[in-house]
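# Generate coordinates for the sequence data below:
(3 chains)
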Amino acid sequence: MTDSSTNMRLKLPIVCFILEIILIILFGVLVEYDHDTDAKLFNGKTPNPHAHNDYENDFYYRYPSFQDVHVMIFIGFGFLMTFLQRYGFSSVGFNFLIAAFSLQWATLMQGFFHGLHNGKIAIGVESMINADFCTGSVLISFGAVLGKTSPIQLLIMAIFEVTLFAVNEFILLSLLLTRDAGGSMTIHTFGAYFGLMVTRVLYRPNLDKSKHKNSSVYHSDMFAMIGTIYLWMFWPSFNSAITEHGDPQHRTAMNTYYSLAACTMSTYAMSSLTAHDGKLDMVHIQNAALAGGVAAGTAGEMMLTPFGSMIVGFLAGIISVLGFKYLSPILEEKLKIQDTCGVHNLHGMPGILGAIVGAVTAAAVPKDVYGDGLKKVFPDVASGYRDTSSQGGMQALSLAITLGIALLGGLIVGFILKLPILGAPRDNACFEDNVYWEVSLTKNKLQMQNTKKNNNN
Amino acid sequence: MTDSSTNMRLKLPIVCFILEIILIILFGVLVEYDHDTDAKLFNGKTPNPHAHNDYENDFYYRYPSFQDVHVMIFIGFGFLMTFLQRYGFSSVGFNFLIAAFSLQWATLMQGFFHGLHNGKIAIGVESMINADFCTGSVLISFGAVLGKTSPIQLLIMAIFEVTLFAVNEFILLSLLLTRDAGGSMTIHTFGAYFGLMVTRVLYRPNLDKSKHKNSSVYHSDMFAMIGTIYLWMFWPSFNSAITEHGDPQHRTAMNTYYSLAACTMSTYAMSSLTAHDGKLDMVHIQNAALAGGVAAGTAGEMMLTPFGSMIVGFLAGIISVLGFKYLSPILEEKLKIQDTCGVHNLHGMPGILGAIVGAVTAAAVPKDVYGDGLKKVFPDVASGYRDTSSQGGMQALSLAITLGIALLGGLIVGFILKLPILGAPRDNACFEDNVYWEVSLTKNKLQMQNTKKNNNN
Amino acid sequence: MTDSSTNMRLKLPIVCFILEIILIILFGVLVEYDHDTDAKLFNGKTPNPHAHNDYENDFYYRYPSFQDVHVMIFIGFGFLMTFLQRYGFSSVGFNFLIAAFSLQWATLMQGFFHGLHNGKIAIGVESMINADFCTGSVLISFGAVLGKTSPIQLLIMAIFEVTLFAVNEFILLSLLLTRDAGGSMTIHTFGAYFGLMVTRVLYRPNLDKSKHKNSSVYHSDMFAMIGTIYLWMFWPSFNSAITEHGDPQHRTAMNTYYSLAACTMSTYAMSSLTAHDGKLDMVHIQNAALAGGVAAGTAGEMMLTPFGSMIVGFLAGIISVLGFKYLSPILEEKLKIQDTCGVHNLHGMPGILGAIVGAVTAAAVPKDVYGDGLKKVFPDVASGYRDTSSQGGMQALSLAITLGIALLGGLIVGFILKLPILGAPRDNACFEDNVYWEVSLTKNKLQMQNTKKNNNN
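Purely as a prediction, here's the structure:
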């Protein structure tokens, strides 16, 4: 089932080794501990006067959230994609590989754009969370092309996507002073539309040759539910992981909690309503129930209130199921976008919804509601640099920029990934682990053997 | 396999939409941020003088525990019930649905009974934990009726059970000033006996028509072990999640840790001892090994000592295995209680044990053992309002009240759930996902296809 | 399939009950709450003057790390070993049993060697982490003998291994003042070589009678990936769990994070490079990708820098894959070491690498790099008791001592485990759950039934 082009024996080791050696060298030259991870800086009195008590080390504010985010990246995304019947090794395994690469590369790219200090990138738990966030964006794009790409294509995609993510994030957060703590724009909208454009460029007219493998079986749906539930549970930690300490972190987690709960209710309702016999569809439950987390990504830290959060989550679930049911088939037929995991429905549209909710909330909630807490959420409004309506305007502009960079970036990267040497699977070998993985004795073969043996008894 | 009564196409969407819209409206009218989640209150000096430092925000004391509890509710309970061979979608999926509903409804009900401030319910991480706790109680009852109810029946059950949970909790904690941090009574005893009474009322004399599906297969037992192990690991967080800050949280987690370890040892011993060939039974390991957590739910925060905790856990494991082996068959045959998951053995009897241990520990340990820490565990004893023996008496009385409300509530709710319109599965279609879920291409059918295809090669 | 020797009906209950009763008695006599878990001590002013604020309770510094370690022990190790097609119940279930026993026994043994205070062992979250660590060592040894031992043999092994672990740990940490926060030596090297020697003594020349079960199937590899990913994600918490508060905990977690990421890259490269058709091997991904965590276990808390950590992880991945590919077959054929999980490649060699890196880093990094933080990492260098090079020398000596105690201990314990009464499985019944577990209706049998039934339709 392997032909020469998909044989990874030399290609993959070379790419991995070169990339990792470059990463190591760049880390050696550019990276240093920050004030909270450096033994001298943290314990010396002068450079870091505000954190002389151990409990004020940023580790204790953010590490539990980091670990939750980490679980979402490696278990959540990894297992969510195992719904395909014969692509579990690749779903978890390539997710693992490109995430391990991306988090290192993201440390450098984000550190570079967030500003070098004395030519160095200072890192700690907050940069680790940001690196995981950027990685999440790559994994969303992976969902769009799932089953149709080689690990080398995925690594190449990650190189470019991480870079463009850092550029877009820099424009939004540092130039436009936009707020997007949970990444409705920077992570979800960006990752989704980047991936959708890549899969559009990689359009395979003969993909129906692999159609029988592009579906789930009972146990693969169970594995996918592990991914879903972990993403759902830890989304409050995701959205709150890099907000300011204190009330914003607390409030963001709670807003997201209620948004997700409301989203789950509307997802079940819509899944049953849109089925001809009222039966629930695992695709909706696995994906749309998460849209409430995406849609609370920007406004979650604001004074959205649980009431507002629930409305947002409620709408996100409805939009997402409708997207799976009615929009995805149109995108595939008319626009030739083969979106394996339906990332447009989980990350694309809910991401845009989240960006809009963020812009409206930023503009509509009066400053007085925040009191002295305004500086933690909108420091530039609190400082008098801008008013709430111009903050809202910048939030809206940020969505447009994100869409533009994602689509243009995806277009270019898609063409790069078309290089035949990168080892994409043939049309009749998509959604199949066997192309890139040793699947020594397949389950079915084994069962046949057992059946034979048992019959002989 | 679907008949009109189990068709959820209109019923389920209508119920979900109406419930969620009511929830959203009530949240809009009644719910507000508390001192630690509101931007103005947390950062303003006057209303919250004790928490002007970010690290004193309750988020940092409780959010890691909350996330552990959250995992228990959605992964723990959800996967524990996937042991049935053809009911994995429903186990995880209905667990997901009714938990998402219950946590919202519980926020309102508990907030209402815990006391409105200026007509508002103020919420934060502690109320989130309490909402998850109340949800846990509903999920215990779900375990008793697993495989025999429609999602609509489960939502209706949740509406009433959450309400009665809040009433019982109010009587115990606010009126009787009982201590029950880990919920041996409020969560486990209540949820178990409520569910047992519901399943009694819903008794199906012809359930043996679905008997061949009311068992596990190899892989479904593996999925169930994911639920078991997560419940076991995070039970220390569960019991300590809402104890007072400092030593009580620390002590409760540790007591529960040792109770569970001892319980695991006695569970393995009893499982082997009660089998005719000494082979371990997955049902015991999946369930009875957790009884030590249930039984440490009330006394865990007290000066029970690791020694006392281990004795409690040791006994809980023995009782639980004996229950599975000898009592459950009797309950089913004589009392017509069809308890699918055996919640009587995991939550019922160990919950009662935990309540008794709590009463005895409260009465027997002298005040002097707690020193200045007494006010964190028994504030009403520390204040001189009552002595330790009357505290113990109230603890015992609380168990009786809990049993009464649970049994009476379950009786009434059971009859409500008998309404034919609610779409319960027929006797020969219990324990079967296919009734309520799209199970597109079943595993066995697929394997036959593969076998055919392979034979043709 | 069961013969009298493997019948556990009396043996296992007797062993479990006796062990647990002894544990309970010893806890009653020897164990007490420490300053942070005792109500009187924590709230009284005198004995614990430094922790009068709740947020300074050690619980808040370490409990999230503890829970991550706990997940590694019970889910990580447990599911990593489920890769065998018919040994999932035993992998997770025996892991559960011996871990539950070991953590109690380790509390006593480590408490005894770490020093009694007034004849008592004072315990809290740090001792819980240490108990879990010691348990991890036993589980590593379990990996070496996986599939070839009875639960009684495993419990006997745990009794001795925990004891010897505590002796070795005492020599290293208390006598030689060695640093080994993440246990490259005390946990990984010790557990691996102990287990390798046990499996050597238990060598089965006729193990190929069970050869057809000593391999994975598709779904068992998926379950194993759950273990792998959890171990990978939480290793930063493992290595940092008992370092000093503040920067060391923060730095250790971050160093481990980058070490693991680099290790994953080199693992994928090597797995593809060493396969004749370039296909990735699940055995490598499941195991070698974790070697970076092992190898950062000693030096992780030091000023190793992310750059250094990545080099270490990169090398660990290469060594580990090479071990699986080339060394393990030699060990089995020439040295008669049947290492089921390949613990030599995941814990043995990377543990030694980690010990060497620790010795070199301790000796080579100047004191000045740590500034005032030196006392948190090398208190004996900071106090002037020794210089960095003698610290490095002691680190190297510790590796030799660990290897010696592990090999000698494993030798003796191996011979003890050969007692026929302990119920080891026959040569043709290894790697088979059915020997010790009720496997009511096996999957294959069920499928045959279904096939028959379907064929009759």
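# Going by C-alpha atoms from here, please, whenever you check contacts or count neighbours.
Will do.
# Would you agree A:Asp38 is in contact with C:Arg251?
Yes - with contact defined as CA atoms under 8 Å, A:Asp38 reaches C:Arg251; the gap is 7.1 Å.
# Those two - which one has more neighbours?
C:Arg251 (31 against 27; other CA atoms under 10 Å in any protein chain shown).
# which helices and strands does whichever strand or helix holds that one pack with?
Using DSSP states H and E, C:Arg251 sits within helix C:247-273. Using 3 or more CA pairs under 8 Å, 6 or more residues apart in numbering or on different chains; DSSP states H and E, the elements in contact with helix C:247-273 are helix A:11-30, helix A:39-43, helix A:88-113, helix A:125-145, helix C:218-240, helix C:282-287, helix C:291-295, helix C:305-322.
# what's the following helix or strand after the second one?
Right, the one you point to is helix A:39-43. Following helix A:39-43 toward the C-terminus (DSSP H and E): helix A:58-71.
# for the helix or strand following that following helix, the distance to its chain's centre please.
Heading C-terminal from helix A:58-71, the first helix or strand you meet, by DSSP H and E, is helix A:77-80. Counting by CA atoms, centre = their mean, to the nearest Å, helix A:77-80 is centred 11 Å from the centre of its parent chain.
# And A:Trp232, how far from A:Gly323?
The gap separating A:Trp232 from A:Gly323 is 19 Å, by CA to CA, to the nearest Å.
# Counting neighbours, go ahead and name the busier of those two.
With neighbours defined as other CA under 10 Å, A:Trp232 and A:Gly323 compare such that A:Trp232 has more, 26 against 22.
# so the more buried one touches A:Leu290, yeah?
Yes - contact criterion CA under 8 Å: A:Trp232 and A:Leu290 qualify, at 5.8 Å.
# between the two, what contacts are shared?
Jointly contacting A:Trp232 and A:Leu290 under the rule CA atoms under 8 Å, 6 or more residues apart in numbering or on different chains are A:Leu260.
# which ones are touching A:Ala289?
Applying CA under 8 Å, 6+ apart, the residues near A:Ala289 are A:232, A:260, A:263-264, A:267, A:317.
# For burial, what's the neighbour tally of A:Leu175?
A:Leu175, neighbours per other CA under 10 Å, totals 10.
# Could you do A:Glu333 as well?
Other residues close to A:Glu333 by other CA under 10 Å number 10.
# try A:Lys418
Residues near A:Lys418, counting by other CA under 10 Å, number 16.
# Check A:Val15 too.
Using other CA under 10 Å: A:Val15 sits among 16 other residues.
# Let me know the distance separating it from chain C.
8 Å (CA to the nearest CA, to the nearest Å).
# Now the residue lying closest to that residue once chain neighbours are set aside: phi and psi?
Nearest residue to A:Val15, sequence neighbours excluded (CA to CA, 6 or more residues apart in numbering or on different chains): A:Ile152, at 7.3 Å. Note on A:Ile152: backbone dihedrals following degrees, to the nearest 10 are phi -70, psi -40.
# Quick check: A:Ile152 touching A:Leu19?
No - using CA under 8 Å, A:Ile152 is not in contact with A:Leu19; the gap is 11.3 Å.
# Tell me which of those two has more neighbours.
Looking at A:Ile152 and A:Leu19 with other CA under 10 Å, you find the greater number of neighbours at A:Ile152, namely 24 against 17.
# ok, that one - contacts?
A:11-12, A:15, A:422-423.
# Then A:Thr298?
A:179-185, A:354-355, A:357-358.
# Narrow these to those in helices?
A:354-355, A:357-358 (DSSP state H).
# Where neighbours are concerned, which of the contacts of A:Ile152 has the most?
When neighbours are counted by other CA under 10 Å, A:Leu12 leads those with 27 neighbours.
# Thanks a lot, see you next time.
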